[in-house]
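Peer 1: Fold the following.
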Amino acid sequence: MWWQMNPESRRPSTYPLAWAALLAAMVWAVESPASSDEDPLVQHGGPAKAVAVTADGRLAVTAGFDYSLVVWDLRGPEALRRLLGHDAPLNDVALSPDGRLAVSASDDRRVGVWDPATGRLRALLRGHEAKVAAVTLSADGRWAASAGWDGTVRVWDLASNREIRRFREPSRRFTTVAFVDGNALLAAGDHSGALRLWRLADGVPLWLRKGNGFPLTRLVTARDRLVTGSIDGTIRGYAVEDGRELFRFEGQEKPVLSLAAAADGRRLASGTAAGTIYLWDTAEGRAERILRTARGPVWGLAFAPDGTILYSVHNDGAMRLWELATGRQLAGPREVYLTATDRLSGHDRGARLFRTCSKCHSVTPDDENKSGPTFYGLIGRRAGSVPGYPYSRALAESGIVWTEETLARLFELGPENYLPGTRMPFQRMPDAQDRAELVAYIARVTRPRNGPNETGNRP
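Peer 2: Here you go, the predicted structure:
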């Protein structure tokens, strides 16, 4: 496919081509009937990638492709505040049991440390040289650990915001990480499916379980076991002491993108790229219920502390709530939620090509909480001029005025060549006819209703 993404690094991907294409398709493709009304549980402009819940079940935080975290009061549920500070999409979030601390992982290579109650960004932890895929907090909230595509797993002291330990394997892309036994041990999985365990006191590796070539997507602890979800559609449980495989759940739709364990460790939930959620009984080794969700990937899951409700986040930016005793959906859109921009899209070639753009950019006067600035009034507007949007310095100081010619040049060369230093995802459209049809569609659909385009136009 012509649309390629690797915003955290210029290095070629070492993932299998099929996995890279699949991931891109899952992030971008959402086509289904629109919800008739806006739903209060849709707060992310693009895929919601992770969800975490406090020990008392009152607060949740979700992380999105739109660069933002959203803090939720689950007693409503209602969104309390949006947290902004990263320069790229978010991949994961972890929340301390008391809700006083949240940490986030982003494509911008940084780990965010937040105060959910006030929305204050306490720190951006730098060190990773590629995207940070996953993050976790120790049970006491003192330490965070992050898994990066730069071949490192890093442990951070959150009192001083310093890196206190690093595990490095340059040939690996770490995809998931979890503390074990409080903060005595650390486990991490990678793009080859391998799982390893270290002792944190001295950094000694305890064991390595080799993979089968399929990336691990999630890692959780369930009682005395480590449990992984994988692109190959399996869920596997391992003994902490020696890495022995204790159980394997198969037969679900694949890939497995999300995984959560109930507080007592008896029940697991897994979410797939097909939009299904499976509930598993670990004691009896069986699937006990399947929840059919709106079509599209289920990126994140979390149990309520008492195990009665499951929270899920989806490709359409929505959070959904499920009653586990019955499998009934309690809240959230029942169809794939489409924004105003999605509903404006037509069916000609240009409109179909624009569906990729619409995941980051709206064509309406507001930005619909998307990760990029609105395209409303784009033609004739100076680059980097939408008020309030945190542009990269490269774009803000480029001096470019967006015309059909400059847009075509951007898609021909790709942002990394046309605007070096920009945060736009890596993307090129080599076919001249495709470029012409996309640019013509953008020019048509973003034209203001009340007159010609103007620089900085944002009614």
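Peer 1: per-domain residue ranges of this protein.
Peer 2: 48-331, 339-445 (automatic domain parsing).
Peer 1: what's the offset of stretch 142-157 from the middle of its chain?
Peer 2: 17 Å (Cα atoms, centre = their mean, to the nearest Å).
Peer 1: Make residue 1 into 53 and carry on from there
Peer 2: Understood, numbering begins at 53; the last thing we discussed is stretch 194-209.
Peer 1: buried ones in it?
Peer 2: For stretch 194-209, burial by neighbour count (16 or more other Cβ atoms under 10 Å) applies to 195-208. Bear in mind the C-beta positions are built from the backbone N, C-alpha and C, glycine included.
Peer 1: again, but for stretch 292-311
Peer 2: 292, 295, 301, 304, 306-311.
Peer 1: got those as a markdown table, with distance to Ala115 and secondary structure columns?
Peer 2: Listed next are the buried residues of stretch 292-311 as a markdown table, based on distance: Cβ to Cβ, whole Å; DSSP: H, G, I helix; E, B strand; the rest coil:
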| residue | distance to Ala115 | secondary structure |
| --- | --- | --- |
| Val292 | 27 | coil |
| Gly295 | 30 | coil |
| Phe301 | 26 | strand |
| Gln304 | 24 | coil |
| Lys306 | 23 | coil |
| Pro307 | 19 | coil |
| Val308 | 19 | strand |
| Leu309 | 14 | strand |
| Ser310 | 12 | strand |
| Leu311 | 16 | strand |
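Peer 1: Out of those, the closest to Ser423 would be?
Peer 2: Using Cβ to Cβ, Leu309 comes nearest to Ser423 of those, at 19.4 Å.
Peer 1: my guess is that closest one contacts Leu353, does it?
Peer 2: No - with contact defined as Cβ atoms under 8 Å, Leu309 does not reach Leu353; the gap is 9.3 Å.
Peer 1: quick one: common contacting residues for these two?
Peer 2: Gly323 (Cβ atoms under 8 Å, 6 or more residues apart in numbering).
Peer 1: hmm, back to that, export the buried residues of stretch 292-311 to CSV and tack on distance to Arg248?
Peer 2: Below are these laid out as CSV (distance: Cβ to Cβ, whole Å):
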residue, distance to Arg248
Val292, 12
Gly295, 8
Phe301, 22
Gln304, 25
Lys306, 23
Pro307, 21
Val308, 20
Leu309, 22
Ser310, 22
Leu311, 18
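Peer 1: so which of these would you say is closest to Tyr428?
Peer 2: Leu309 (32.5 Å).
Peer 1: ok now do the closest one, which residues does it touch?
Peer 2: 78, 269-270, 281, 323-325, 349-351 are the contacts of Leu309 under Cβ under 8 Å, 6+ apart.
Peer 1: Which of those residues fall within strands?
Peer 2: 269-270, 281, 323-324, 350-351 (DSSP state E).
Peer 1: Output those as CSV; include the columns neighbour count, distance to Gly245 and pLDDT.
Peer 2: Converted to CSV, those look like this (neighbours: other Cβ atoms under 10 Å; distance: Cβ to Cβ, whole Å; pLDDT from 0 to 100):
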residue, neighbour count, distance to Gly245, pLDDT
Thr269, 23, 10, 97
Arg270, 26, 13, 98
Gly281, 31, 11, 97
Gly323, 30, 19, 97
Thr324, 20, 17, 96
Val350, 27, 21, 97
Trp351, 28, 20, 98
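Peer 1: want to throw these into a markdown table with distance to Trp166?
Peer 2: Listed next are these as a markdown table, based on distance: Cβ to Cβ, whole Å:
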| residue | distance to Trp166 |
| --- | --- |
| Thr269 | 24 |
| Arg270 | 22 |
| Gly281 | 26 |
| Gly323 | 24 |
| Thr324 | 29 |
| Val350 | 24 |
| Trp351 | 20 |
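Peer 1: where do the helices sit along the stretch 303-452 of the chain?
Peer 2: 392-396, 401-409, 445-448 (DSSP state H, counting those that start in this stretch).
Peer 1: which one of those is the most hemmed in?
Peer 2: helix 401-409 (a mean of 19; mean count of other Cβ atoms under 10 Å).
Peer 1: from the middle of its chain, how far away would that helix be?
Peer 2: For helix 401-409 - counting by Cα atoms, centre = their mean - the centre lies 22 Å from the chain centre.
Peer 1: Can you show me the CA trace of it as PDB?
Peer 2: C-alpha atoms of helix 401-409 as PDB (Å, rounded to 0.1, in the frame of the first residue of the first chain):
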ATOM      1  CA  ARG A 401     -11.500   7.900  -6.100                       C
ATOM      2  CA  GLY A 402     -10.400  11.000  -4.300                       C
ATOM      3  CA  ALA A 403     -12.800  10.500  -1.400                       C
ATOM      4  CA  ARG A 404     -11.600   6.900  -1.000                       C
ATOM      5  CA  LEU A 405      -8.000   8.000  -0.900                       C
ATOM      6  CA  PHE A 406      -8.800  10.700   1.600                       C
ATOM      7  CA  ARG A 407     -10.100   8.200   4.100                       C
ATOM      8  CA  THR A 408      -6.500   7.700   5.200                       C
ATOM      9  CA  CYS A 409      -6.000  11.400   5.700                       C
END
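Peer 1: so Gly327 touches Leu343, yeah?
Peer 2: No - with contact defined as Cβ under 8 Å, Gly327 does not reach Leu343; the gap is 9.4 Å.
Peer 1: and which of the ones in strands among the contacts of Leu309 is nearest to Gln381?
Peer 2: Val350 (12.8 Å).
Peer 1: Give the bridge partners for the closest one, please.
Peer 2: His366 (DSSP bridges).
Peer 1: how much space between it and Ala326?
Peer 2: Look at Val350 and Ala326: by Cβ to Cβ, to the nearest Å, they are 9 Å apart.
Peer 1: re the thing from before, between which two of the buried residues of stretch 292-311 is the distance greatest?
Peer 2: Greatest spatial distance among those (Cβ to Cβ): Val292 and Lys306, at 25.8 Å.
Peer 1: Which residues belonging to stretch 126-137 are considered buried?
Peer 2: Those would be 126, 129, 131-132, 134-135, 137, for stretch 126-137 by 16+ other Cβ under 10 Å.
Peer 1: The lengthiest helix in the chain packs against which elements?
Peer 2: Longest helix in the chain, counting residues (DSSP state H): helix 484-497. Contacts defined by 3 or more Cβ pairs under 8 Å, 6 or more residues apart in numbering; DSSP states H and E place helix 484-497 against helix 401-409, helix 456-465.
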